[in-house]
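Visitor: please work out how this folds:
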Amino acid sequence: MRKAMAGVRGPRTCACVGPGRGRARGRGRGRAVHALMLGAVGTERVAQLEYSEFQAAMLDEAKRRRKAAKIIAVLAHFLGRDPAPAGDGPGVLDGLTVADIGCSAGFIADELAAAGARHALGVDIDVPGLRKADERFGSRVEFLCADGTALPFPDGSVDVLVLNHIYEHVVDPDAVVGELHRVLSDDGVLYLGLGNRLGVMEPHYKLPFLSYLPPSPADRYVRAFGRADHYYERFRTRGGLRRMLAGFHVWDYSFPVLASPERFAGGELFSGAVGRVAQGTLARTPRTVLRALLPIVPTYLWVATKTPRAPLGPALPQPPEPVRTPPVRTAAEGTRAGRGR
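Guide: Take a look at the predicted model:
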């Protein structure tokens with residue numbers, strides 16, 4: 001895997017980067033980012049700037065660090081790197097270049113650094129969140145204000161990418177995923193936390209069936225309950241997410257995490273006696289039944305790679321399963337496709 005990153009700014013600059021634009025910094029940075037992002041995304045649906053200022057969950061340190069522990073545990077299983085006791089031996093991400101895309105206040109990026117990352121990066125357009133992150137974690141994490149459709153990294157330069165509950169917030173998730181494919185190393189790993197449009201309870205506004213609705217009815221719904229003036233988020237179904245990741249080989253860790261919460265730092269998912277019964281039931285449920293439930297699972301935990309790779313961790317009560325494998329083109333098919341462009 002790549003051991004160096006060329007052309008990346010130092011941790012104290014927090015430069016702002018957009019498609020086809022220069023970098024803004026200094027006293028006018030916030031205004032520059034706002035103008036830059038509006039130019040990048042057009043007039044229909046603009047970027048959610050300063051997200052941490054109106055979404056308090058991004059500043060919930062304990063919750064964000066629990067999410068990070070789950071992410072690192074999934075990566076550890078996929079990579080076959082069992083975490084060593086604190087301070088004893090290499091970390092799960094030892095020697096790797098790791099980037100959290102949509103890092104906001106930086107708690108997950110900080111945990112990635114603590115897991116042994118040789119070079120930890122945090123990327124967002126949330127300038128207030130990045131300032132908070134840089135003040136606390138800038139000595140060990142490099143924070144960059146950048147558009148996800150124009151990441152300031154060389155091709156194939158990042159070993160591990162994290163995109164955790166971000167795609168529904170961005171203007172063009174397909175373009176962001178294309179950038180992730182570009183910057184991920186050939187033997188790198190992409191962790192994805194993905195909300196499902198068909199999950200019954202919308203996770204941000206806690207309103208049932210909100211994500212099922214078209215934009216105008218959804219706006220009226222959130223206004224009627226005093227949640228917001230507009231419903232910004234755009235979720236996709238499982239099929240839509242599979243299409244979004246068409247260039248990747250993908251493994252599903254959703255049920256493995258639910259069935260083995262202790263291994264994946266998800267103990268809060270099943271607490272008490274009722275939780276233990278639910279966990280045991282899930283661990284014994286036939287895969288055919290679980291597969292039937294996949295279209296309505298509220299959150300998918302997927303691991304994606306550019307080249308075919310299988311999880312290297314030990315056997316689990318509910319093992320990860322492949323979600324998709326990109327079709328392999330023959331030389332003749334590639335030639336025909338090129339002529340048809």
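Visitor: which elements pack onto the longest strand along the chain?
Guide: Counting by DSSP state E, the longest strand found in the chain is strand 184-195. For strand 184-195, the elements it packs on are helix 61-79, strand 158-164, strand 299-305, judged by 3 or more CB pairs under 8 Å, 6 or more residues apart in numbering; DSSP states H and E. In short, each C-beta sits where N, CA and C put it, glycine included.
Visitor: my guess is Leu282 contacts Val257, does it?
Guide: No. Using CB atoms under 8 Å, Leu282 is not in contact with Val257, being 10.4 Å away.
Visitor: leaving out sequence neighbours, find the closest residue to Met233.
Guide: To be clear, residue 233 is Glu; Met isn't right here. Using CB to CB, 6 or more residues apart in numbering and skipping residues adjacent in sequence, the residue nearest Glu233 is Glu168, 4.3 Å away.
Visitor: which residues of the protein score low on pLDDT?
Guide: Counting by pLDDT under 70, the chain contains low-confidence ranges at 1-59, 84-89, 266-279, 327-341.
Visitor: hmm, 80 instead?
Guide: Under the criterion pLDDT under 80, the flagged ranges of the chain are 1-59, 83-90, 265-283, 324-341.
Visitor: tell me where it has strands.
Guide: Under DSSP E, the chain gives strands at 16-17, 23-24, 97-101, 119-124, 142-146, 158-164, 184-195, 249-252, 299-305, 321-324.
Visitor: the longest one vs strand 158-164, what angle?
Guide: The reference is to strand 184-195. Counting by axes from the mean of the first three to the mean of the last three CA atoms, to 10 degrees, strand 184-195 lies at 10 degrees to strand 158-164.
Visitor: need the contact partners of strand 184-195.
Guide: Residues from elsewhere that reach strand 184-195 (CB atoms under 8 Å, 6 or more residues apart in numbering): 1-2, 67, 71, 74-75, 78-79, 156-165, 167-168, 180, 203, 211, 235, 241, 245, 248, 298-307, 309.
Visitor: then the last one?
Guide: When contacts are taken as CB under 8 Å, 6+ apart, the neighbours of strand 321-324 outside the stretch itself are 242, 245-246, 248-252, 287, 302.
Visitor: who's more crowded, Leu282 and Val257?
Guide: Applying other CB atoms under 10 Å to Leu282 and Val257 shows that Val257 carries more neighbours, namely 23 against 18.
Visitor: spatially nearest residue to the more buried one, not counting backbone neighbours?
Guide: Counting by CB to CB, 6+ apart, the residue nearest Val257 is Phe264, at 4.4 Å.
Visitor: hang on, the earlier thing: pull the most distant pair out of the contacts of strand 321-324.
Guide: Ala246 and Arg287 (24.4 Å; CB to CB).
Visitor: got the contact list for Ala99?
Guide: Residues near Ala99 by CB under 8 Å, 6+ apart: 120-123, 153, 158, 160-162, 183.
Visitor: state the distance from Asp162 to Gly122.
Guide: Careful, residue 162 is Val; it's not Asp. Look at Val162 and Gly122: by CB to CB, to the nearest Å, they are 10 Å apart.
Visitor: overlap in contacts of those two?
Guide: Common neighbours of Val162 and Gly122 (CB under 8 Å, 6+ apart) are 99-100.
Visitor: re the thing from before, ok, and which of the helices and strands packed on strand 184-195 has the densest surroundings?
Guide: Mean neighbour counts were taken over those using mean count of other CB atoms under 10 Å, and the top value, a mean of 25, falls to strand 158-164.
Visitor: list the contacts of that strand.
Guide: So strand 158-164 is contacted by 1-2, 5, 67, 71, 75, 93, 96-102, 108, 112, 117, 121, 176, 180, 183-185, 187-193 (CB under 8 Å, 6+ apart).
Visitor: among these, the buried ones, what's the PyMOL command?
Guide: A single PyMOL command selects the buried members of the contacts of strand 158-164 (16 or more other CB atoms under 10 Å):
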select buried, resi 1+2+5+67+71+75+93+96+97+98+99+100+101+102+108+112+117+121+176+180+183+184+185+188+189+190+191+192+193
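Visitor: hmm, back to that, the longest strand of the chain pairs with which strands?
Guide: Strand pairing for strand 184-195, determined by DSSP bridges: strand 158-164 (parallel), strand 299-305 (antiparallel).
Visitor: between helix 61-79 and the first one, find me the angle.
Guide: Right, the one you point to is strand 158-164. Using the same axes, to 10 degrees: strand 158-164 against helix 61-79 is 130 degrees.
Visitor: ok now strand 158-164, how far from the chain's centre?
Guide: Per CA atoms, centre = their mean, to the nearest Å, the displacement of strand 158-164 from the mean C-alpha position of its chain is 7 Å.
Visitor: could I get that strand in PDB with only the CA atoms?
Guide: Taking Å, rounded to 0.1, in the frame of the first residue of the first chain, the C-alpha atoms of strand 158-164 are listed here in PDB:
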ATOM      1  CA  VAL A 158      -5.100   6.500   0.100                       C
ATOM      2  CA  ASP A 159      -5.100   3.100   1.700                       C
ATOM      3  CA  VAL A 160      -8.300   3.300   3.800                       C
ATOM      4  CA  LEU A 161     -11.300   5.700   3.100                       C
ATOM      5  CA  VAL A 162     -14.200   6.200   5.400                       C
ATOM      6  CA  LEU A 163     -17.600   7.500   4.100                       C
ATOM      7  CA  ASN A 164     -19.900   7.200   7.100                       C
END
